[in-house]
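Undergrad: show me the folded form of this:
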Amino acid sequence: MRSLPVLTPYPAELADALFETLFPSDGDSPGVREAGDTEYLDVTLEGYGRNALPQYQWLFGALDRYSEDKYGRNFAGLTLEERTDTVTLLERGELTDLLPVKEQRELFGLAVAHMQEGLFADPVHGGNRGAVGWRFLKHPGVWLENSAEENLSTEHVTKGGVIKTLADAMQEIPRDTEGHRLKQLGYENAVNPQKTEEVDVLLVG
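TA: Reported below is the predicted structural model:
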């Protein structure tokens, strides 16, 4: 059983069910559990998205109440078709009379956004585990440089199928003689600065 900093096991299971309803895998596309969408949500709710925690708590309760009343089972225990019908009501703002239509629709949009981020953001943020979302999109990930041919290519650049994450890219950033990462990509000048009294053009930024 997962132990997450914010979501206890029961709401974590509800989050799994919600995200699977929003993005059901067809066998070729990645599954949200495989990608770690709920883990991504948990990291988000612990950090910059902590203000959304009460919204999710309300949403999970509303989904469960409707499911129990309609089907006699909690939301996570419904079939995909039943869950889809339930979430469609949320999208329309018709899940409950206890919250205005606009706010229900906003909650639906929030859940969709977190589902997408959990699938396709860099793995450093807690989701897209193993870069499964990028593999599905055939997205090469984070590369610090492209070849001249790649910059001019009118086709999708695949990097030969090699996918790099932000963590991979950070390992590739050159270091100075003391082992400190160099902050600019023009690192040759950082190591061997060219001193001059005059310049023709000064680039800032």
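
Undergrad: contacts only, for E20.
TA: Contact analysis of E20 by Cβ atoms under 8 Å, 6 or more residues apart in numbering lists 31-33, 80, 83. No exception for glycine: its C-beta is placed from N, CA and C like everyone else's.

Undergrad: which of those count as buried?
TA: The neighbour count (16 or more other Cβ atoms under 10 Å) marks 31-32, 83 as buried among the contacts of E20.

Undergrad: follow-up on the earlier one: out of the contacts of E20, who's nearest M115?
TA: Looking at the contacts of E20 and their distance to M115, the nearest is V32, at 6.6 Å (Cβ to Cβ).

Undergrad: was I right about that closest one contacting Q116?
TA: No - in this structure, V32 sits apart from Q116 without contact. The criterion is Cβ atoms under 8 Å, and the distance is 10.3 Å.

Undergrad: related to what we said a few turns ago, export the contacts of E20 to CSV and append columns for secondary structure.
TA: Putting those into CSV (DSSP: H, G, I helix; E, B strand; the rest coil) gives the following:
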residue, secondary structure
G31, coil
V32, helix
R33, helix
L80, helix
R83, helix
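
Undergrad: isn't S29 right next to A35, touching?
TA: No - with contacts defined as Cβ under 8 Å, S29 does not count as touching A35, sitting 9.9 Å away.

Undergrad: of those two, who's got more company?
TA: Neighbours were counted for S29 and for A35 using other Cβ atoms under 10 Å; A35 has more, 28 against 15.

Undergrad: does the more buried one touch G127 like I think?
TA: Yes - using Cβ under 8 Å, A35 is in contact with G127, at 5.7 Å.

Undergrad: quick check: neighbours shared by those two?
TA: Between them, A35 and G127 share these contacting residues under Cβ under 8 Å, 6+ apart: 118-119, 133.

Undergrad: now, those residues that are in strands?
TA: Assignment to strands by DSSP state E places none of the shared contacts of A35 and G127 there.

Undergrad: now render the residues you listed as CSV, adding pLDDT.
TA: Formatted as CSV, the entries for the shared contacts of A35 and G127 read as follows, by pLDDT from 0 to 100:
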residue, pLDDT
G118, 97
L119, 97
G133, 95
